[in-house]
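1. here is the input, now give the coordinates:
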Amino acid sequence: MKIRILTVEREYGSGGANIAEQLAARLGWKLWDTQLTEEIARVANVDPKAALRCDERRDSLLYRLFKVYARGSYERSLPLGESRVFDTDRMVELLHQVIENVASRGNCVIVGRGSAYILRTRPEAFHVFVYAPGDEKIRRIMSLGKSEAEAKKLVEEVDAERAEFIQHYFGAQWPARWLYNLMINSKFGDEYVIESILQQISALEKRLSTQHIEA
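-> Numbers count the residues shown, from 1 in each chain. Predicted coordinates for the structure are as follows:
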């Protein structure tokens, strides 16, 4: 059996998105990162900026409280559900649909957004989690023009939002280690990570082919 789907989950600042982009180029596969958010916006017929605001984060507490209030008040009689207001709930609803669609075409690298969980039962999928020590993540973020204070703040906040997002919508801890074929430290360099992932994919394909022959 051939691996046709690669999902790359990553800690913020680990370089996982860039590694996924390079892997897609090496494999000649379609990359789905920001493209995934854009596709969801297209399907939902909303401004891509609206989808980006919901990307891997829950709606604000204020918005969630307002939504609960509105549904519990006299406005409950209004067609609130039919208005299809675009929020994170709607985003995740479409996320499953779009990721399954993308995966069915194969030859794709999907970055984050719960893709490993959504595609966990697909035997042709290989799931990777990229992490890094705190100082490495801060160094990478600072190389993009952020100050050290900004980098530290982003490392803390973005991963906390991702963890809350995964816990709320998928009922799993982040990272859910049992989901991944490989968890790898990016502090040794992108090329090392890329080569390691490609080697592991090749090794798994050989194993799956042997099992198929023996069966």
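
2. for the protein, which segments count as strands?
-> Taking DSSP state E, the strands of the chain run over residues 5-10, 30-32, 108-111, 125-131, 182-185.

3. given the longest one, what are its sheet partners and their directions?
-> Right, strand 125-131. Here strand 125-131 has these sheet partners by DSSP bridges: strand 5-10 (parallel), strand 182-185 (parallel).

4. most packed of the ones you listed?
-> Stretch with highest mean neighbour count among the strands paired with strand 125-131: strand 5-10 (a mean of 26; mean count of other CB atoms under 10 Å). Every residue, glycine included, has its C-beta placed from N, CA and C.

5. which residues touch it?
-> For strand 5-10, the external contacting residues (CB atoms under 8 Å, 6 or more residues apart in numbering) are 16-17, 19-20, 23, 27, 29, 103, 106, 108-112, 115-116, 119, 122, 124-131, 175, 180, 197, 201.

6. of all the strands paired with strand 125-131, which lies closest to E136?
-> With CB to CB, the closest approach to E136 among the strands paired with strand 125-131 belongs to strand 182-185: 8.4 Å.

7. now render the strands paired with strand 125-131 as JSON lines, adding distance to R162 and mean pLDDT.
-> Shown next, in JSON lines, are the strands paired with strand 125-131 (distance: least, CB to CB, whole Å; pLDDT from 0 to 100):
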{"stretch": "strand 5-10", "distance to R162": "9", "mean pLDDT": "97"}
{"stretch": "strand 182-185", "distance to R162": "15", "mean pLDDT": "98"}
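
8. I appreciate the help and will end here.
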